[in-house]
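K.L.:
Can you look at this prediction? I've put the sequence above it.
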Amino acid sequence: MNALKTTMLLAALTGLLLFFGQMLGGNQGLVVAFGLAVVLNFGSYFFSDRIVLRLYRAQEVTEAEAPRLYAIVARLTQKARMPMPRVFRIPTDTPNAFATGRSPKHAVVAATDGILRLLSEEELEGVMAHELAHVQNRDILISSVVATLAGAIAMLASMVRWGAIFGGFGGRGSDDRSNVFAALAMAIVAPIIALLIQLAVSRTREFQADASGARLAGNPRALASALRRIHAGIQTRPLAATPGREASAHLFIANPFRGRTFVNLFSTHPPLEERVARLDAML
């Protein structure tokens, strides 16, 4: 069901891009915007792991340095028949974890010092299973595709706005003025719609990773318990928010910034209660 929803959201985003591109001026504007978006997101796809690890000062650990975490990841990857990813620890008391990497062969999993101290063995296994599910489900690739489409729409919208400012949409007739107003309205609304779809895809992938991770670990109740404890821990020990860090919030198992979300539509993660309810329904 979650995979179908992701496909439908991607189709909606693609349809919005095609419609907006044609409205702007045919295939030429569409191709230019899409090409620019591909170039801008290329680096993110291939180097996102290095960027985010440096952003959080993550340190790679060996089996001797983090035996508990390493053993859990090794056990889960063997069970999932995946290559062993590189394992990192993040020096912060905020309880959280994330996975990144463009494929299972280039995967990275990271856990904070806070989550290693907070969770039990079963809870930590559920969290790591969730993160490995992201890798197994190719969520980095999906998020890169979504970002490319949303980025192209934002660029097309910017082109429309500048075109309207410099009189690029016709003369002084009433029909021309109507076209300008319609184009400006679309230029404002389309990026918002694209952002909402992008965030909806992110939330859908979290539900999918919860379900896949719970099945991999074989313990939905432990993952549900871990999510509750992580959420409570973030409320008392949130990460310091910066523009760069906020852009990577979707990578974590829970949004690491307290009070950064005003409504669910603009959240990178589903509500805690709904995630827990879905996991409880698996029992």
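P.N.:
Perfect, I can see it now. Please read all numbers here as calculations on a predicted model, not as lab measurements.
K.L.:
Can you read off the pLDDT for residue 72?
P.N.:
Looking at residue 72, its pLDDT is 98.
K.L.:
which stretches of this structure form strands?
P.N.:
For the chain, applying DSSP state E gives strands covering 59-60, 86-90, 97-100, 108-112.
K.L.:
Now the ones you listed in TSV, please, with extra columns for mean pLDDT and mean neighbour count.
P.N.:
C-beta coordinates here come from the backbone N, C-alpha and C atoms, glycine included. Output for these, formatted as TSV (pLDDT from 0 to 100; neighbours: other Cβ atoms under 10 Å):
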stretch	mean pLDDT	mean neighbour count
strand 59-60	97	13
strand 86-90	97	21
strand 97-100	93	26
strand 108-112	97	26
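K.L.:
can I get the ones you listed in TSV with distance to residue 74?
P.N.:
What follows is the strands of the chain, written out as TSV (distance: least, Cβ to Cβ, whole Å):
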stretch	distance to residue 74
strand 59-60	15
strand 86-90	9
strand 97-100	15
strand 108-112	11
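K.L.:
I'd like to know which of those strands is closest to residue 227.
P.N.:
strand 97-100 (11.3 Å; Cβ to Cβ).
K.L.:
Of the strands of the chain, which is nearest residue 17?
P.N.:
Across the strands of the chain, residue 17 has its closest neighbour in strand 97-100 (25.5 Å, Cβ to Cβ).
K.L.:
that older thread, figure out which of the strands of the chain is closest to residue 204.
P.N.:
Residue 204 sits nearest to strand 97-100 of all the strands of the chain, at 16.7 Å, using Cβ to Cβ.
K.L.:
Please work out which residues outside the closest one touch it.
P.N.:
Contact partners of strand 97-100, identified using Cβ atoms under 8 Å, 6 or more residues apart in numbering, comprise 48-49, 52-53, 85, 107-112, 115, 127-128, 131-132, 134-135, 140, 248, 251-253.
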